[in-house]
Structure formats: C-alpha cells, structure tokens
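**Student:** after the sequence you'll find the predicted model.
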Amino acid sequence: EPEVTQTPSHQVTQMGQEVILRCVPISNHLYFYWYRQILGQKVEFLVSFYNNEISEKSEIFDDQFSVERPDGSNFTLKIRSTKLEDSAMYFCASKPDRGRGETQYFGPGTRLLVL
Amino acid sequence: AQSVTQLDSQVPVFEEAPVELRCNYSSSVSVYLFWYVQYPNQGLQLLLKYLSGSTLVKGINGFEAEFNKSQTSFHLRKPSVHISDTAEYFCAVSETGNQFYFGTGTSLTVIP
C-alpha cells in the first residue's frame, strides 16, 4: 500500500541553524500538509499546499518557515533559523483531492530537537 | 478555530476487555470527524471517519465510533481489545477538509 515517507526520522540541530525536513507524499496525491506536535501537546496544523502554492497556513507558520515542492515527488519544510521552541515532531500528510471528507495520509514524522 | 478534547491521556485496559476512548469537539457547525492510530515509529493511520449518514461508524481492527451531535462527541470503542491495539489514538476534526484539528491523544495500553 502506498505511504507517505519522511526523512530524516530524527534531526538534532543548534539554535539558529537552518533545517530542511523532507517528505515524499503518495504519488497521485495533490494536496500536501505539514503538522507539528510539541511533546505532550496537540498535533497542530502548520500549512497546506496545492498547485505549487500555499493554500492555507496557521499563525505558527511565520516567516521563518517555508515549504517547497522542488520536484515531482518531494515536499519540504524549511525552518530558516531554528529556535528552542521549534523542537517537536513534524508530520507530513497528503490527500488525493479537494473533497472535504477526504482522508489525509500521514507520514511517520521527523523528530526535531533544537539545542 | 476548532477545539478537540481527549480527556483521557492514558488508558490501561486488560486484554479482551472493552474500551472507550473519549473525544469531544467544540464546533456547532458541520464537521468531519476522524480517529487516527499511531503505532510506535509509524505514521498516523486512519481508523475510521464520520462524514454524514449513520452516526455509528465502523473502522478497521474492530473499532467503531459514534457521532453524537447534541453532545459534540465522537467516542471510539472496541468491545474486546488485543495486545496489538496498544498505541496512541488521536481524534481529529475538520470543517473544510484542509486543516485538521487534533486532540492531544490517548495512549492505550493493553495489559496481558
């Protein structure tokens, strides 16, 4: 069964450094998402992406964040200057079309630790 | 914005016993409701979802959930749990299908 994959599974970085989290959505999907979960807290929506542009973003997704689909398969989340509070599990998700009840398929996550 | 509450952060239950994981949401408008499960080192896997129609929804692995509009609840149940059901369970709500709102998760531990 096709699945969303994410790399790396774990990332440790120094505060102020840039990180890029990578995701490979399911191949025929058109909508892509990033969520994050700070330890002990809720999974929070960051951004949605469709047709090579951001379609929706949350207040968390400020100027230090950016997303890109550099080729036909990868979907990346870049954090330009990491802060301690960016430490979290980051989930990528995708879905095939714009149906409101359509399931989002999630990857296994990347655990980011900012020191 | 939506708010999803999973009151039970940890639920221990003996094998073959029934379990109910509670989920309440805040919205009074039409929403779509989901339960996801996360096994260790894996992604969030869809268990079941409610879009419309029958309020009792059946999912994978013998789980079911009941949508109660008046109580704004979507509790997950299983009549007899197995060791393999030990995992983290997340309730999620969506109005638009784009942004999902999640609860904090419930850690289910099945005791042999």
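**Tutor:** Good, I have the coordinates.
**Student:** for the spatially most central residue of chain A, which non-adjacent residue is spatially closest?
**Tutor:** By Cα atoms, centre = their mean, the mean C-alpha position of chain A lies nearest to residue A:34, the distance being 3.0 Å. Excluding its sequence neighbours, the residue lying closest to residue A:34 (Cβ to Cβ, 6 or more residues apart in numbering or on different chains) is residue A:46, at 4.3 Å. (C-beta placed from N, C-alpha, C; glycine too.)
**Student:** for the strand or helix carrying that neighbour, buried residues please.
**Tutor:** Following DSSP states H and E, one finds residue A:46 within strand A:43-50. Across strand A:43-50, burial judged by 16 or more other Cβ atoms under 10 Å in any protein chain shown covers A:43, A:44, A:45, A:46, A:47, A:48, A:49, A:50.
**Student:** would you turn those into TSV with pLDDT?
**Tutor:** As requested, the buried residues of strand A:43-50 are exported to TSV (pLDDT from 0 to 100):
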residue	pLDDT
A:43	89
A:44	92
A:45	94
A:46	96
A:47	96
A:48	94
A:49	94
A:50	92
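**Student:** quick one: pLDDT of the residue nearest to the centre of chain A?
**Tutor:** On pLDDT, residue A:34 comes in at 97.
**Student:** what of residue A:15?
**Tutor:** Reported pLDDT for residue A:15: 97.
**Student:** ok, it - how many residues close by?
**Tutor:** 13 (other Cβ atoms under 10 Å in any protein chain shown).
**Student:** quick one: contacts for residue B:108?
**Tutor:** Neighbouring residues of residue B:108 by Cβ atoms under 8 Å, 6 or more residues apart in numbering or on different chains: B:11, B:13, B:19, B:21, B:81, B:85, B:86, B:87, B:88, B:89.
**Student:** going by distance to chain A, which of those residues wins?
**Tutor:** Nearest to chain A out of the contacts of residue B:108 is residue B:88 (Cβ to the nearest Cβ; 10.2 Å).
**Student:** sorry, back to before: return the list of strands paired to the strand holding residue A:46, each annotated with direction.
**Tutor:** strand A:31-37 (antiparallel), strand A:53-57 (antiparallel) (DSSP bridges).
**Student:** for the ones you listed, state which one has the densest average packing.
**Tutor:** Highest mean neighbour count among the strands paired with strand A:43-50 (mean count of other Cβ atoms under 10 Å in any protein chain shown): strand A:31-37, with a mean of 24.
**Student:** contact partners of it?
**Tutor:** A:21, A:23, A:25, A:43-50, A:55, A:60, A:67, A:69, A:75, A:77, A:88-98, A:104, A:106, A:109, B:98, B:100, B:102.
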